[in-house]
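J.: pasting a predicted model and its sequence here:
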Amino acid sequence: MPESPPIRRRVFVFHSVALLAVSVVILVGIFTPEFSFFKTPAAEVVLTQGERISGAELSNAFDSSGESELISLPFDARNHQFNSSEHWFRFRFEYATRTDRPISIYLPTVRQNVALYLNGQWVAQGGDFEPHLARLWNHPQLYTLPSGLLNDSNTLTIRLVSHRPQVGYLSEVYIGDPESLHGAWQWRYAIKVTWLEITSILLIVIGLINLYLWTLRKSESFYLWYSLAALFWGARGILLVWPVIPITDELRVLLRLLTLGYGIVFVVLFNQRYFGFKNRWFDIGLFIYCVPAVIPMFFMSMDQLLFYGHQVWVRGNLILGIVIAVQLMVLFLKHHKLDAAYLLYSGLPLLMLGFRDMLVLTDRWSPENGFLINHATPPALIIAMWFILRRLSNSLEYARHLNVTLEQRVEDSRREVVASYQRQEQLQQQKLLSDERERIMRDMHDGLGGHLIGIKSLMDSNQPKLVDINNYVERALVDLRLVINSLDPGSQRVSSLLGSLRNRWQRAADNKNCTLEWRVASSNQGRVLGPDKTLQLMRILEEAFTNTIKHGDVGIIELSSGRDEVKQTAWIQLKNPYTPRNDHSAGRGLANMQQRADKIGAEICFLKANDEFLVRVELPLAN
């Protein structure tokens, strides 16, 4: 397929400026602390100061005499030296307004699960703690409590449990009217949960569709790499958004790291194959990164896996993301590929959010909003999907054009072949006519010419005999009749040929007081011989019959025909009591019959048995 022409200069300048503007906006939006994608709820009580109960368990968490220390929200266990994955917090607050109405408690971010106790009474929890801990990092928590649970002075106890020490996180706690808190919770839930669920399922469906397209077009490998990238990014979204997956913590962390890394690797391979990059050393380095660098992760403990994954694997993924961006920038700035510009529009947010998530994993950024790279993945993959569908549509249109062109060429070739066959048939017909004319002239020369020369010789003699002249005339008429009958298509059938002979032979037999017996098999009645074979066969039979009438004894003359299925031949034979003499004329008659049989590919045999003489002609059925 022909390549698309380069973009115009004004379009190039426009996209260059737009890409720069998008980059600045994304940088400002991500790395400005005051900027937030989420609404600040309008709450009546905001809990930002509290106590962490030291060594607390469910049995003594409500004992106010226990040891505690002051903490501030948001609480990030990474900033403390608590070697525990479970924390108990106590918050005292006053809520004097509208205590007779339901209230809501809103927690924007928790890591990983919480349970709430109001005034020493359990009121809610985010999910199960056993056997699999519910991971609610991406799930904002909103609990609506019935009226009558609040007093003027209240104590809220929160149990926070994470999957390992020093990763627990608890944001500010908002208490207020359900209507005022529901809007903030709904907006955050839509972005953090609903968006990821929909896009993850969409990516998996798109990946499966492209995997099917790859099975149809295996020569274009970018279908395969795109489908794997979509499947891995979709699987990563599922791992982030589903609170409970019945697998071990180590396996969940491993899958989260692998889906992130291989998702980026497959995007790199898609770009390589889609835009036609070919670099052997780059492919070797990518293979080393994908296979040998991953194998140790399957044998590491949780702490080793987290250190290796966050400090080595994630940084390698970031480098690959930078490689993708550089490749696309080169394609756009140097080769003016507009598709590269569109991928940059969606790829730059992916790269910057990936850098921001790396800072979160390496404890250099607040985990308040969780991981955001998956939120930017769908636009990039959807744009790439649009490219693939457009390319597939162009390929189908090009194939349709080739098909129409091929059909036209086939039709032209068919017409040429038909015309060639028609010309060949005309030439063959002309040759047949020429051969037929030549045959007729030869037959007339050999037959009628010979008889006329004989008549002239008799007339030139001193005493011509009328009987001899009459015999020559009769032979000439018979020969002329044979030539004329051979030209008649109706007489070229065996039945017509034998029928024309029977009428004439019957008269001759009656004149000699002979009995003519006719035993012709019906299997040969419809056989068509052609003019030349008809004439030669008639002359053979005429010669045999004439010799029988002229030289044989009075008796029975029998003509029969049939088929020999073993030899695959049709035969006609004449049997009579005539015995040929060993004179010159008889030998010439037999020799003439033999020559005529050879001309038409037949076999003739002369048999003598029991004072009877038999002439048998066999014709191959295939002919």
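T.: Received, thanks. Numbers count the residues shown, from 1 in each chain.

J.: give me phi/psi at Leu427?
T.: Backbone geometry at Leu427, expressed as degrees, to the nearest 10, gives phi -60, psi -40.

J.: please begin residue numbering at 648 from this point
T.: Sure, I'll start numbering at 648, so the last one becomes Leu1074.

J.: for it, give its distance to Ala1066.
T.: Leu1074 is 13 Å from Ala1066, where distance means C-beta to C-beta, to the nearest Å. Yep, even glycine has a C-beta here, placed from its N, CA and C like the rest.

J.: show me where the stretch 998-1147 of the chain has helices.
T.: Assigned helices in the stretch 998-1147 of the chain, in chain order: 1020-1093, 1095-1107, 1113-1134, 1141-1158 (criterion: DSSP state H, counting those that start in this stretch).

J.: report the mean confidence score over the second one.
T.: Right, helix 1095-1107. Across helix 1095-1107, pLDDT averages out at 66.

J.: now stretch 766-782
T.: For stretch 766-782, mean pLDDT is 87.

J.: which SS class is Gly697?
T.: Following DSSP: H, G, I helix; E, B strand; the rest coil, Gly697 is assigned to strand.

J.: so it is in contact with Trp735, correct?
T.: No - using C-beta atoms under 8 Å as the test, Gly697 is too far from Trp735 to be in contact (10.3 Å).

J.: the two: who's more crowded?
T.: Trp735 (25 against 22; other C-beta atoms under 10 Å).

J.: which helix or strand contains that one?
T.: Applying DSSP states H and E as the criterion places Trp735 in strand 733-741.

J.: now for that strand, which elements pack on it?
T.: Packing partners of strand 733-741 (3 or more C-beta pairs under 8 Å, 6 or more residues apart in numbering; DSSP states H and E): strand 692-694, strand 696-700, strand 800-808.

J.: format those as JSON lines; extra columns: distance to Val1167 and mean pLDDT.
T.: Below are the helices and strands packed on strand 733-741 laid out as JSON lines (distance: least, C-beta to C-beta, whole Å; pLDDT from 0 to 100):
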{"stretch": "strand 692-694", "distance to Val1167": "122", "mean pLDDT": "91"}
{"stretch": "strand 696-700", "distance to Val1167": "124", "mean pLDDT": "89"}
{"stretch": "strand 800-808", "distance to Val1167": "111", "mean pLDDT": "90"}
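
J.: JSON lines for the ones you listed, including distance to Leu720?
T.: As requested, these are exported to JSON lines (distance: least, C-beta to C-beta, whole Å):
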{"stretch": "strand 692-694", "distance to Leu720": "6"}
{"stretch": "strand 696-700", "distance to Leu720": "7"}
{"stretch": "strand 800-808", "distance to Leu720": "10"}
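
J.: dump the residue contacts of Val1051.
T.: Applying C-beta atoms under 8 Å, 6 or more residues apart in numbering to Val1051 gives no contacts.

J.: state the distance from it to Asn1041.
T.: 16 Å.

J.: name the residues that touch the helix or strand where Ile971 lies?
T.: Ile971 is located in helix 961-980, with elements delineated by DSSP H and E. Around helix 961-980, the neighbours that count as contacts under C-beta under 8 Å, 6+ apart are 662-663, 904, 907-908, 911-912, 914-915, 918, 922, 924, 936, 940, 984-988, 990-991, 994-995, 997-998, 1001-1002, 1005, 1008-1009.
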